[in-house]
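>>> quick one, structure for this:
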Amino acid sequence: MDSSGVLVALLLIALVGYMAYAKAQRDRRTFDNLYRPPDERLLNEDTEFGVNGSLAFEGEADFTTDAFDLAAGNYKLMYWFPEGVMVKVELLSKVGSDSEILGIKSGEGELGFSVAATGRYFMTIEPDEDKAWEIEIIRLGLPSRS
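All right, here's what the predicted structure looks like:
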C-alpha cells in the first residue's frame, strides 16, 4: 500500500470516529434534556412540598413520580385532565405497605384523601390516551405532632 492509500484510510477512520463522537454527544444532550434530575436546591430540607405548601406534577403519558415525603393527615388533590380521557391516579408507599387508587377521573376537579402513616410515597398517573395532564397536592389542616 502506498502512502496515499494509508493517508486516505487514516482520513476515513478519523471521519468515522468524529461522526460517532458527535452522535454520542448529541444523544447525551438529548438524554440529559429528557431525564433531567430535579434541582435539589429548590426543595426544602425536610419536605418536598414547595413554599406554597403544594406538590405538583404534569405530563402527557403514563408517569411514575419520584418518592416524596407525606406526613399523616388529610390532603386535597386538584387535577386538570383532558375531557373524555379517563386518568387513574394511585398513591403507593415507598416500602410497599400501602396502595390506594385516589381516583379514575376526567376533566377538571379535586378530591380529598388521607394518609394514615408518615412516610415516603410515590404516585402513578395513567391516562387512557397520551394527552396533557396536571395534578397538585395540598396538605389540609394543621401539621400533626407525631
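>>> identify the residues contacting A61.
P127, D130 (CB atoms under 8 Å, 6 or more residues apart in numbering). No exception for glycine: its C-beta is placed from N, CA and C like everyone else's.
>>> measure it to R139 for me?
According to CB to CB, to the nearest Å, A61 stands 27 Å off from R139.
>>> ok, now Y18?
Separation of Y18 from R139 (CB to CB): 54 Å.
>>> ok, those two, which is more surrounded?
Ranked by neighbour count (other CB atoms under 10 Å), Y18 and R139 place R139 first, with 18 against 10.
>>> let's verify that one: helix, strand, or coil?
Of the three states, R139 takes strand under DSSP: H, G, I helix; E, B strand; the rest coil.
>>> and what of L12?
Secondary structure assignment for L12 (three-state DSSP): helix.
>>> got a pLDDT number for it?
On pLDDT, L12 comes in at 93.
>>> contacting residues for the spatially most central residue of the chain?
Centrality entry for the chain: nearest residue to the mean C-alpha point is T65, 4.3 Å, by CA atoms, centre = their mean. Contacts for T65 (CB under 8 Å, 6+ apart) come out as F57, F122, M123, T124, I125.
>>> could you redo the last one with a cut-off of 7 Å?
Contacts for T65 (CB atoms under 7 Å, 6 or more residues apart in numbering) come out as F57, F122, M123.
>>> this completes my enquiry, with thanks.
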